[in-house]
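>>> what's the 3D shape of this:
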Amino acid sequence: MAKVAVHKVPKGKLAIDGGPKAVTVEIPRSYFGLSEISDEEKRNVLDVLDRQMLFRWQDAKRSYVARFEREFASLLGVKYAVAVSSGTASLITGLRALGIGPGDEVIVPAYTFIASASAVILVGAVPVIAEIDDTLTMDPKDVERKITPNTKAIMPVHMRGIPCQMDEIMRIARKHKLFIIEDCAQCNGGSYKGKRVGSIGDVGCFSFQVSKTITTGEGGMVVTNDPMIYIRAALAHDSGITFWWKLSQEVPQELKRVTPFAGDGYRMSELAGAVGLAQLKKLDKIVATLRKRKREILEDIAGAPGIKPMRVPDPDGECAYSVNFLFETVEQAQAFSKALAAEGVPVHTIHTEGFPDRHIYRYWEYVLGKVPVTKNFDPWRDPRYGGNVSYSPDMCPQTMSILTRTVAIPLSQKMKRIHTQQISRAILKVAYALFS
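A predicted model of the protein is given here:
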């Protein structure tokens, strides 16, 4: 049973009504890994520039990209990792490694960045959109309802640092013999029941874009434990990989079992690898600090009237990017968010009418409209596709209901206890004023 805190109920008028703000010391904001750039990243980048070795295969034995791959795989407890140029590239590479293509369907959640769906389209497959539940991640029950004879994979997306309900999703995948490709772009450093996200499904895909837990500016990683999937991922991300392997005398034995095929140009540069290798050492500390700050706030406000912290499938494994509350009504969520913002707390409702957030399916115009990439590259009308998926802005009412009723307070590893105390004080002030 959750511990209920003994609250000292704040007195006085709400700031939104003309009272003094609860926050008197400004709450710091940060871009996670970007805010942690220090001398090590600079030394690594200067080393690359001084040696004039910007391309991985110029000096394969000292490559920062190769070291980044090895250390990332080791941290996740997986056998293989392939560094790529972006998070979207990681998804495309992962899908191609699994053999997903024209005629196939991939189930994606209704709340994720549009890149999750566009990656499916770019390999010639059709995205099928499933509801989220009160975890802000895909609803396993709706996932199972959306499975058809054309379904080949499920793409759970660990949104806002929250791990998906992987036990249920893996059970469904095994039952229906489907692949699992984990989109970990917003949950690098997270885990589910002791396993790092990305290491649970067949393939894990990561982003190192500037807003992520650690960053290389742009970049990504594909991980797997399957040697054949690894070889296919390597082939898919680099049209010349067999040449580079031979040139550096690093040809994997598993290549003998795979016929090479045309790949993309998704290689990671040595500059990005140099930054990534330094950032990786900071990952767990960033996440541990975020978890601590979230725990402080939740313990401070436990039992406060009218507010319900959002369910997290594994609280010990989340990245804790934000403190989230799910309200009974849209009106309560908006009133709470506006009053809290007036107190000086950075806060927002996840969905606000009029703001076309590309993380929400109803704003994926080219997906909902089934817009072909070119006249002859049209996954929905490809003769190999035997399905007839339909989309509409109102197709996921459960998702829209949850998003409009969810309020998020973003966290930063730059926060100290004084900042979480102020946030807690503001939450209590508003909660007691509005709901007691």
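
>>> which SSE is the nearest residue to Lys212 once chain neighbours are set aside in?
Spatial nearest neighbour of Lys212, chain neighbours left out: Asn188 (6.0 Å); criterion: CB to CB, 6 or more residues apart in numbering. In short, each C-beta sits where N, CA and C put it, glycine included. Using DSSP states H and E, Asn188 maps to neither a helix nor a strand.

>>> Spit out the contact partners of Asn188.
The contact partners of Asn188, taken as CB atoms under 8 Å, 6 or more residues apart in numbering, are Val197, Phe206, Ser207, Phe208, Lys212, Thr213, Ile214, Leu283, Cys319.

>>> Tell me the one of the residues you listed nearest Val373?
Proximity of the contacts of Asn188 to Val373 (CB to CB) peaks at Ser207, which lies at 21.7 Å.

>>> Spit out the contact partners of the spatially closest residue to the closest one that is not a sequence neighbour.
Leaving aside its sequence neighbours, Ser207 sits nearest to Gly87 (CB to CB, 6+ apart; 2.6 Å). Going by CB under 8 Å, 6+ apart, Gly87 touches Ala115, Ala185, Cys205, Phe206, Ser207, Phe208, Gln209, Lys212, Gly219, Gly220.

>>> From Pro309, how far out is the residue nearest to Lys212?
Using CB to CB, to the nearest Å, one gets 23 Å for the distance from Asn188 to Pro309.

>>> again, but for Leu54
For Leu54, the distance to Pro309 - CB to CB - is 46 Å.

>>> Who has more neighbours out of the two?
Pro309 (17 against 14; other CB atoms under 10 Å).

>>> just the helices in the stretch 301-436 of the chain please.
Along the stretch 301-436 of the chain, counting by DSSP state H, counting those that start in this stretch, helices occupy 330-342, 365-368, 397-404, 417-435.

>>> Which of the ones you listed sits closest to Val258?
Closest among those, using CB to CB: helix 365-368, at 31.6 Å.

>>> List the buried residues of the closest one.
The neighbour-count check on helix 365-368 (16 or more other CB atoms under 10 Å) flags Val367, Leu368 as buried.

>>> what sits up against it?
Contacts of helix 365-368 (CB under 8 Å, 6+ apart): Ile114, Ala117, Ser118, Ile121, Pro127, Ile129, Tyr361, Arg362, Val371, Tyr391, Ser392, Pro393.

>>> and those as TSV, adding distance to Gln165, neighbour count and pLDDT?
Formatted as TSV, those follow (distance: CB to CB, whole Å; neighbours: other CB atoms under 10 Å; pLDDT from 0 to 100):
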residue	distance to Gln165	neighbour count	pLDDT
Ile114	23	20	98
Ala117	20	25	98
Ser118	25	18	98
Ile121	26	22	98
Pro127	20	24	98
Ile129	18	24	98
Tyr361	19	28	98
Arg362	23	21	96
Val371	32	11	98
Tyr391	24	17	98
Ser392	26	9	98
Pro393	26	13	97
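
>>> want to throw the residues you listed into a markdown table with distance to Lys193?
Shown next, in a markdown table, are those (distance: CB to CB, whole Å):
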| residue | distance to Lys193 |
| --- | --- |
| Ile114 | 29 |
| Ala117 | 28 |
| Ser118 | 30 |
| Ile121 | 32 |
| Pro127 | 28 |
| Ile129 | 27 |
| Tyr361 | 28 |
| Arg362 | 32 |
| Val371 | 39 |
| Tyr391 | 33 |
| Ser392 | 36 |
| Pro393 | 36 |
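
>>> Can you tell me which of those residues lies closest to Thr93?
Checking the contacts of helix 365-368 one by one against Thr93 (CB to CB), the nearest turns out to be Ser118, at 13.9 Å.

>>> give me every residue that touches that closest one.
Thr88, Tyr366, Val367.

>>> Can you report phi and psi for it?
phi -70, psi -30 (degrees, to the nearest 10).

>>> Quick check: it vs Asp183, distance?
In terms of CB to CB, Ser118 sits 12 Å off from Asp183.

>>> Measure how buried the nearest residue to Pro410 once chain neighbours are set aside is and give me the count.
Nearest non-adjacent residue to Pro410, counting by CB to CB, 6+ apart: Ser322, 4.8 Å away. Ser322 has 24 neighbours, counted by other CB under 10 Å.

>>> Ser322 contacts Ser412, correct?
No: using CB atoms under 8 Å, Ser322 makes no contact with Ser412, being 10.1 Å away.

>>> now Val330: how far from His351?
From Val330 to His351 the distance is 9 Å (CB to CB).

>>> and what of Cys164?
Taking CB to CB, one finds Cys164 at 20 Å from His351.

>>> the more surrounded of those two?
Cys164 (34 against 22).

>>> Which of the three states applies to that one?
Assigned with DSSP: H, G, I helix; E, B strand; the rest coil, Cys164 falls in the coil class.

>>> Strands along the stretch 201-350 of the chain, start to end?
203-207, 220-224, 322-326, 348-349 (DSSP state E, counting those that start in this stretch).

>>> What of the stretch 1-150 of the chain?
Under DSSP E, counting those that start in this stretch, the stretch 1-150 of the chain gives strands at 80-84, 105-109, 126-130.

>>> give the contact list for the spatially most central residue of the chain.
In the chain, the centroid-proximal residue (CA atoms, centre = their mean) is Gln186; its distance is 2.3 Å. Gln186 sits next to Val157, His158, Met159, Arg160, Gly161, Ser207, Lys212, Cys319, Tyr321 when contact means CB under 8 Å, 6+ apart.

>>> Now do the fifth one, the pLDDT please.
Gly161 carries a pLDDT score of 98 in this model.

>>> Apart from its chain neighbours, what residue comes closest to it?
Cys319 (2.9 Å).

>>> got it, and the fourth one?
Leaving aside its sequence neighbours, Arg160 sits nearest to Tyr321 (CB to CB, 6+ apart; 5.1 Å).

>>> For the residue nearest to Gly161, give me its contacts.
Gly161, Ile162, Gln186, Cys187, Asn188, Gly189, Gly190, Thr213, Val287, Leu290, Arg291.

>>> ok, now Met268?
Arg56, Val65, Phe68, Ala83, Val84, Ser85, Thr216, Gly219, Gly220, Gly276.

>>> Which of those sits closest to Ala342?
Looking across these and measuring by CB to CB, the closest to Ala342 is Thr216, at 37.7 Å.
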